[in-house]
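[1] okay, sequence plus prediction incoming.
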Amino acid sequence: MARLENDVAIVTGSARGIGAAYAKALAAEGAKVVVADILDPGSTVEEIKAADGTAISIVCDVTDNAAIDAMISQTVSEFGKIDALVNNAALFAEISHKKFEDIPDGEWARVMQVNIEGVWRVSKAVVPHMRVRQYGKIVNVASTTALKGTPMMLHYVSSKGAILAMTKAMAREVGEDNICVNAIAPGLVVSDGLVEGGNWSDEWFDNNTNSRAIKRRAMPEDMVGTIVFLSSREANFITGQTMVVDGGSIPH
Ligand SMILES: NC(=O)c1ccc[n+]([C@@H]2O[C@H](COP(=O)([O-])OP(=O)(O)OC[C@H]3O[C@@H](n4cnc5c(N)ncnc54)[C@H](O)[C@@H]3O)[C@@H](O)[C@H]2O)c1
């Protein structure tokens with residue numbers, strides 16, 4: 001039996017990049033997947049269906065309560081329940097590197113709104129559906145930048161630091177309801193958005209590679225095993241934790 005057979009999983013920010021890889025991996029393990037994004041997630045759903053998986057696409061801005069409520073309603077009406085939520089949506093690839101004193105007010109605010117508030121908003125909409133069944137898995141996507149203190153993207157790094165803290169505190173609030181809340185902290189990954197957006201350099205990738213025990217660039221597929229594990233019953237007694245997936249750059 002597949003590891004997520006009969007489960008229902010929502011993955012935010014899964015139209016492209018690492019989120020799309022998460023959605024495909026969860027579907028390959030038997031989950032019915034809601035592929036949600038502010039962009040059209042149709043192509044990810046087509047790929048899942050072509051591999052005999054089950055998925056629906058929902059356009060949803062994680063900062064918009066009405067859109068979140070509509071996504072939850074559609075999920076429950078089509079699939080009947082919610083077992084897992086992967087809070088992957090974030091502003092990352094489109095952020096250009098700059099000194100902290102040069103970050104415009106509006107850009108700082110939007111990063112906090114999407115990367116922190118978005119996780120809070122979607123989680124609080126999903127938890128009642130998990131609580132009623134006394135089962136659920138929430139996996140938040142943090143980043144090793146928050147552990148390393150990566151310079152030139154202070155708003156992003158601060159937002160991912162908040163995710164590390166939020167994961168611990170949220171886990172304590174929902175543990176009695178048998179809901180686990182964990183985080184993955186990926187190192188630098190070659191993702192669609194990063195490559196297409198151009199906010200990267202060989203030097204940045206090479207510095208990351210050289211800092212690792214496993215000296216190569218990370219691909220989205222390197223992240224998916226952790227997401228599947230933390231979304232599954234194999235992780236039933238793990239909560240409030242952050243798993244670093246970075247080829248051994250940070251022994252955490
Ligand atoms: N690529 C990396 O090196 C890396 C490293 C560590 C952590 N991460 C994290 O992994 C996740 C995915 O990263 P990625 O590289 O694929 O980034 P990305 O920017 O390409 O993807 C993020 C996805 O979120 C979506 N999104 C943005 N705003 C949204 C909103 N308001 N509502 C719904 N969806 C929204 C985007 O459309 C996109 O599909 C992010 O949380 C990122 O912070 C990435």
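    Received, thanks.
[2] tell me which residue of the stretch 51-200 of the chain lies closest to the ligand.
    G193 (2.1 Å; CB to the nearest ligand atom). C-beta: built from backbone N, CA, C; applies to glycine.
[3] relative to C60, how far out is that residue?
    17 Å (CB to CB, to the nearest Å).
[4] the two: who's more crowded?
    When G193 and C60 are compared for neighbours, C60 comes out ahead with 27 against 20, by other CB atoms under 10 Å.
[5] which residues touch the more buried one?
    C60 is in contact with 12, 36-38, 67-68, 70-71, counting by CB atoms under 8 Å, 6 or more residues apart in numbering.
[6] the same query, at a cut-off of 6 Å, please.
    36, 67, 71 (CB atoms under 6 Å, 6 or more residues apart in numbering).
[7] if we can go back for a sec, quick check: closest non-adjacent residue to the residue of the stretch 51-200 of the chain closest to the ligand.
    Spatial nearest neighbour of G193, excluding adjacent residues (CB to CB, 6 or more residues apart in numbering): A93 at 2.8 Å.
[8] that neighbour: what secondary structure?
    coil (DSSP: H, G, I helix; E, B strand; the rest coil).
[9] pLDDT of the helix or strand where the residue of the stretch 51-200 of the chain closest to the ligand lies, averaged?
    Using DSSP states H and E, the element containing G193 is helix 192-197. Average pLDDT, helix 192-197: 88.
[10] list the buried residues of the helix or strand following that helix.
    Later in the chain than helix 192-197, the nearest helix or strand by DSSP H and E is helix 202-210. By neighbour count on 16 or more other CB atoms under 10 Å, the buried set for helix 202-210 is 205, 208-209.
[11] is any residue of helix 202-210 near the ligand?
    No: Helix 202-210 is not in contact with the ligand by CB under 6 Å from any ligand atom; minimum separation 8.6 Å.
[12] from the middle of its chain, how far away would the helix or strand following that helix be?
    Where DSSP H and E defines the elements, the next helix or strand beyond helix 202-210 is helix 221-230. Remark: helix 221-230 is offset 11 Å from the chain centroid, using CA atoms, centre = their mean, to the nearest Å.
[13] the helix or strand that helix 221-230 is followed by pairs with which strands?
    Counting by DSSP H and E, the next helix or strand C-terminal to helix 221-230 is strand 242-245. According to DSSP bridges, strand 242-245 has the following sheet partners: strand 179-186 (parallel).
[14] mind checking if the partner strand is in reach of the ligand?
    Yes: against the ligand, strand 179-186 shows contacts by CB under 6 Å from any ligand atom at P186.
[15] off-centre distance for that strand?
    Worked out by CA atoms, centre = their mean, strand 179-186 lies 9 Å from the chain centre.
[16] show the average pLDDT along it.
    Here the average pLDDT along strand 179-186 is 98.
[17] residues of it that come out buried?
    For strand 179-186, by 16+ other CB under 10 Å, it's 179-186.
[18] so T63 sits in a strand?
    No: judged by three-state DSSP, T63 forms no part of a strand; its state is coil.
[19] residues in contact with it?
    The neighbourhood of T63, defined by CB under 6 Å, 6+ apart, consists of 113-114, 118.
[20] kindly report the same for D202.
    D202 touches nothing, counting by CB under 6 Å, 6+ apart.
[21] and it, how far is that from L194?
    For D202, the distance to L194 - CB to CB - is 13 Å.
[22] now A146
    A146 is 17 Å from L194, by CB to CB.
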